[in-house]
Each structure stands twice: as structure tokens, then as C-alpha cells.
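In: Build me a structure from this.
(chains A and B)
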Amino acid sequence: MRISQLFYQTMKEVPREAQVPSHQLMFRAGMIQQLASGIYNYTPLAKKSLSKIETIIREELEKKGCQEVLLPVVQPSELWEKSGRWGYYGPELLRLKDRKDNDFCLGPTHEEVITDMVSKVLKSYKQLPWNLFQIQTKFRDEVRPRFGLMRGREFTMKDGYSFDVDEEASKVMYWKMYDAYTAIFKRCGLSFRAVDAATGNIGGDMSHEFQVLAQSGEDLILSCDSCDYAANAEKAVTPRSAQELTEEGMEQTEDVHTPACRTIEEIADYLKRPASDFIKSIIYVVDEEPVLVLIRGDLDINESKLQTALSANGVFLADDALVQEVSGAGTGFAGPVGLKKQVKIVADYSVTEGKNMVSGANKDDYHKVNVNYGRDYKADVLGDLSFAQPGDKCPKCEGKLEDHRGIEVGQVFYLGTKYSEPMECNYLDRDGKSHPAVMGCYGIGVGRTMAAAIEQNHDEDGMIWPAAIAPYEAVILPLQMNKDEVVAAGEDLYTSLRDAGMDVALDDREERAGFKFKDADLLGYPLQIVIGARSLEAGEVELKIRKTGEKKNIPLAEVKSFVENFLKEEKSAD
RNA sequence: CGGGAUAUAGCCUAGUGGCUAAGGCGCCUGCUUUGGGAGCAGGAAAUCGCAGGUUCGAGUCCUGCUAUCCCGACCA
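Out: Below you'll find the model as predicted:
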């Protein structure tokens, strides 16, 4: 590409809105423009990088026997009603109507459509397995889009879905995809970790996230300092377990007056006891049923674990009216003993760890002291509902968990028959018996991967692209555009590198040297090939490796092989 | 959805109720310059987010709306 013809513009300043490095730098480099909140235009530089990521994805998936399809963005509500998600997907699902007043949505994901598609073709076990993927636009009406491409509303995603005869075959497929993802992100030149993850709304019971390690990451990851255990903090297992309490030392419960003490902090302060002496009692609505959730006062309820523990489709905080109805008191005074309305009680292991705890008394302005698990109340479900903390013991070994920030660029799920059953995606086995296909699903955020690469690889001068996904692998910078021999050397080199199959740019603009250097640093070409009058007299050009800042003079005749070797090495997956 | 903030030229910003809304970046013309975002001269570019209101007078004050960002809640 001749930069003089490239559609782009670089800038020295960034808008106040851009907060994270990838957003700021992509803006300054003219790669993206914001069209609306969470919705962006991608200019040629961005599109080139995206395409390279997509190519890597396609190559690695095809190696595993995956086949590419293309499914609609606009999807009829019927499919979503069939899977049950039309009801509980919530406002993130952008719904619209056509001229005939029929309901549609913009696809935030494609389980429904693909399962429907496959069900029309699937007849026999002989056809399986299938693994289908697409690279396509998704729309999710995020409550709070932010950080440029990191959390947009409209974005490009590779989503894949596998169909197998049984759980065993599906799990083999799962690990095959795990390997493919590992290969993909390695080839993209990213430093990442695969971590145990929660499955959330999408369902299923096994999942890994591929997290690019970067300071600006939105996710908290906990990993063991001595074994290979790593998990998203919302999934990471805590060292707690259910304790058997003896009655020894348990004292009589008693209601105490605690006016206007609604939060743990207020009541702890008022009674002069540590937060860990309290039982935090929060009423949730779980699949339309009120549930009382208990946890020790110094811990927080992990809604993701709660949802999993109850095999629920969704968990939401109850509103004040429901709190009143269940507990008989205003918010802040609920407790497990003496509820006005008996509801299911779910408790974290932590409430079994102490005696004579304090909870709400289900009476306005009163708390109950000396509440003991087992004697005074029991939970219908007792489990691990808290967040693991850095420093906690590793659930797999004797090591300690340490924390990292991560950007989730991919996730793999084992789904089971969550979609194939309601959507009647069935096959006949050897004996003529019908079974739902066993599914897995696998996603990669393409734009987010690009943004994550920048988050992980930049300095104060600009981006530092991994060679495999750089918009251009190298740039040729003829410095004195008024000197014919400099211009000619640039043109020759440009032609020769391009003929050798390299993706290079030629900065043929009538600009001063400093200007070109600044632009080249900002755009982050892995390699800058500088052609200046001085070194050219000696038959040499100067190469600058963007990543290390290293500069070396090389005879013109050797440039091609040097660049070739450099790029080959940079793009190799280690 | 709660809290906070912002909206002035393509971009970044200044602008105390009062004259023709100011500067930088970028853009155009000419000269000059050519190894780290040069210099000089000239020029184009603004419905001050939208709608009301207060006022002799509003970019500036008030109300409503919209959009955007930040923190939190939320988030395959």
C-alpha cells in the first residue's frame, strides 16, 4: 500500500471519551470512528488487522474439521420462544418488529438459529459429528458499552457450534476446540491464559475462557502460584466447606434494637462487632421464586455461583415490596429465623463456620443475636456462593491464588442438550432410538482480540503489533522525497518485498522525516525500513524493530532476506 | 438501572450575562525547509447538542429533552 493513497488520518490528540490505550491509539491511528455508543466504523487499517485475525481463525478451525456457515443477523422471535430465551434474555436482546408487526431480534448469539438449521438436516448418528462456525456481526444492547472495541454493542464474532452423539464425544470435541483456540491466540502473538469459567446465561456445565493478560482487563482472574489452576474470579473455588457445629457455647437467641441499621457496615459499627460475625441475608428472585440467600457479613454473594447452584436461568435482587412480603420487614432486616413467608433458603458455607452470629430479625429496626446454623435454621441448599480472594488456598494443591486482570477474547462451552432438546434437534441411533444431539459452543471476539493485542502491546509512542495481525508487516520510509535516488530506492524495495509476498506499506508522502517516524511508531508496524540519503550512499538502509527499538544498518541487497526471516520468526507461534 | 460529569469548526480546547465566539492540531494557497509531528505569510471551515424560558442583551443563567463519557450495579 502506498500511504499517500491510504484512507486514514492520524491525530495527535484523543477525545476525552477514549479512556483505555487500545481505544486511544486506534482513534489516533484513524483505525476506528465512533458512530454511536458501542458502535464503530472500521477504516482500512482496522479491517486489515481484523481480516488477518479471521484468517488465522479459519485456518486453525479448518484444521480441526470445522465448516464455515453464515447465519442471519435478524432472527424471528419464534426460535427464541422455542428455546425459552425470548422470555428471560432481557433488554440486552434488541427486539424489533417488521411491517407486519412480527417480532424479531438482532442476534446476540446464534444457538437458536444453528440448532434449528441443524435439526432440519440431522437424521442419523451416521451424520455426526458436525462442527459449524461463522464469523459475523452480533448485536448486544449492553447496559454500558465502554472502552472502545473492548465492550461494544455491535461487534464481529466468530461463533461455532458442535453436534455430537453423546457427552463423551462432545467433550472430546470440546478439548479439540480448546486446542484450536490455544493455537489461534498463540498465532495472534498474544500472551493469554485459559481459565475455568462460569457458564452464565448460555447454560451448560463446563467452560473455559481465554483471557489475554492486560492491566486494563475487565475480568479478574485467579491463578495458582504453584500448579496450573486458573479460573475467573467468579468461578474460582473457595477453600471453604460445610462445618458441623456442636451446641457447645451456643447462646440463647435474642432480638436487639438496632434502629436504622440496614447495611452490614452500619450494624457492625453500631454493635461494635466485626462484619464476619454477621449473616448477610439477601432476598433474590430466582426463576420467579423468592429465595433467601445467606452469606457471612464480610463476604459478597457470587451471583454466578448462586445461579449455578440452583440451576437457575437468572437471579435478580428482589425489590422492596417483595422483601417486605417475605421477611415482614423493610430492606436490611431480613434473616433466616422467623421469616414471615417460608421461602427456599440458600446459604454459603461461611455461615456454618461461626457460632452466635447476628442476622436480621425480620422485624423493622431489630436484629437477632446468637443465631446458629443447624440449631436455629437450616438451608435447603448449602454451597460455595462467595468469591475466591487472592491469597486463598488453591483448590487443587497447597499453593496460593494470585490475581491478574484479563480480557476475555474467547470462550468455549460444553452445552449438553440445553438447546437441542427444546429445539428438537434429534438423531436416530443404531437401534432406531431418538436422541437430542449433544452440543458445544465456542466464541471468539474478533474486534476484542484486536483491541486486546494493542492493550498488551503498546508504549508511549503508539501500538506495537504482533507481526501476524499487524495491518502491515513493515513500512518503507524514504526520508528525502526530493532526492530521486532515495525515492527510487524506496520504490524498488517496495516492489521487491511485495513481489516476495510481504505485506508492506510505502510511505511515499511528501512529508518530513520526523513526521513519518512519528506516524510509523504510532501505527506500530513491526518493522520500519528507513531509506535516508546518507546511508544510501553507503548502499545501506536502516532497519528499526518497533518492539525493541533496536536499529541496524543493512546493505540494500540483504534487506529482503532479513525482512523475510524477521517476519517468519515473529509469526512463528512460540 | 442508581450516582457523577460533559456537549463550542473534522480533532483537542479556551471563553467572567455585554463589541464581529478565541487558540492549537488538521485542511487549502504561496514561499522556505528535508533524519523525530519544522518556519513564515495568507485562507476556508461554527445553527455554541435540541426545545423552551429568564433578560434590554444568553455559548454563558433556569427548565425539559437528547447524546456521550466515567464510577457502580449488570454483562455467552
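
In: Where does the stretch 1-150 of chain A get nearest to RNA strand B, which residue?
Out: A:Pro15 (2.5 Å; Cβ to the nearest atom of the strand). Heads up, the C-betas are built off the backbone N, CA and C, glycines and all.

In: Can you report how many residues lie near the closest residue to RNA strand B within the stretch 351-500 of chain A?
Out: Closest residue of the stretch 351-500 of chain A to RNA strand B, Cβ to the nearest atom of the strand: A:Gly443 (3.3 Å). With neighbours defined by other Cβ atoms under 10 Å, the count for A:Gly443 comes to 24.

In: Now stretch A:145-161: average pLDDT?
Out: On average, the pLDDT along stretch A:145-161 is 93.

In: so how far is that stretch from its chain's centroid?
Out: Stretch A:145-161 sits 9 Å away from the centroid of its parent chain (Cα atoms, centre = their mean, to the nearest Å).

In: what comes up buried for it?
Out: For stretch A:145-161, burial by neighbour count (16 or more other Cβ atoms under 10 Å) applies to A:145, A:147-161.

In: do stretch A:226-237 as well
Out: A:229-237.

In: now what about that stretch, what contacts it?
Out: Residues from elsewhere that reach stretch A:226-237 (Cβ atoms under 8 Å, 6 or more residues apart in numbering): A:193-198, A:209, A:211, A:219-224, A:302, A:304-305, A:384, A:387-388, A:392, A:394-401, A:403.

In: Sort out for me which of those residues are in helices.
Out: If you go by DSSP state H, the contacts of stretch A:226-237 have A:304-305 in helices.

In: what's the burial count for the residue of the stretch 1-150 of chain A closest to RNA strand B?
Out: Counted with other Cβ under 10 Å, A:Pro15 comes out at 11.

In: on that earlier part again, which among the contacts of stretch A:226-237 end up buried?
Out: Buried members of these, scored by 16+ other Cβ under 10 Å, are A:193-198, A:209, A:211, A:219-224, A:302, A:304-305, A:384, A:387-388, A:392, A:394-395, A:401.

In: Could you restrict those residues to the ones contacting RNA strand B?
Out: Restricting these to those within reach of RNA strand B (Cβ under 7 Å from any atom of the strand) leaves A:Ser304.

In: re earlier: before we move on, what SS does the residue of the stretch 1-150 of chain A closest to RNA strand B have?
Out: Of the three states, A:Pro15 takes coil according to DSSP: H, G, I helix; E, B strand; the rest coil.

In: That one contacts A:Phe27, doesn't it?
Out: Yes - using Cβ atoms under 8 Å, A:Pro15 is in contact with A:Phe27, at 6.9 Å.

In: Just checking: what are the partner strands of the helix or strand harbouring A:Ile554?
Out: Using DSSP states H and E, A:Ile554 sits in strand A:551-555. Paired with strand A:551-555 in the same sheet, following DSSP bridges, are strand A:540-545 (antiparallel).

In: who's in contact with the partner strand?
Out: Counting by Cβ under 8 Å, 6+ apart, A:489, A:493, A:526-532, A:535, A:550-556, A:559, A:562-563, A:566 sit against strand A:540-545.

In: Those also near RNA strand B: which ones?
Out: Answer for the contacts of strand A:540-545 near RNA strand B (Cβ under 7 Å from any atom of the strand): A:530, A:532, A:535.

In: Just among those residues, which is most surrounded?
Out: Top of these by neighbour count (other Cβ under 10 Å): A:Val530, with 23 neighbours.

In: Who are the contact partners of the closest residue to A:Gly406 other than its chain neighbours?
Out: Among residues not flanking A:Gly406 along the chain, A:Gln211 sits closest, at 3.1 Å (Cβ to Cβ, 6 or more residues apart in numbering). Going by Cβ under 8 Å, 6+ apart, A:Gln211 touches A:192-195, A:217, A:219, A:221, A:232, A:404, A:406-409.
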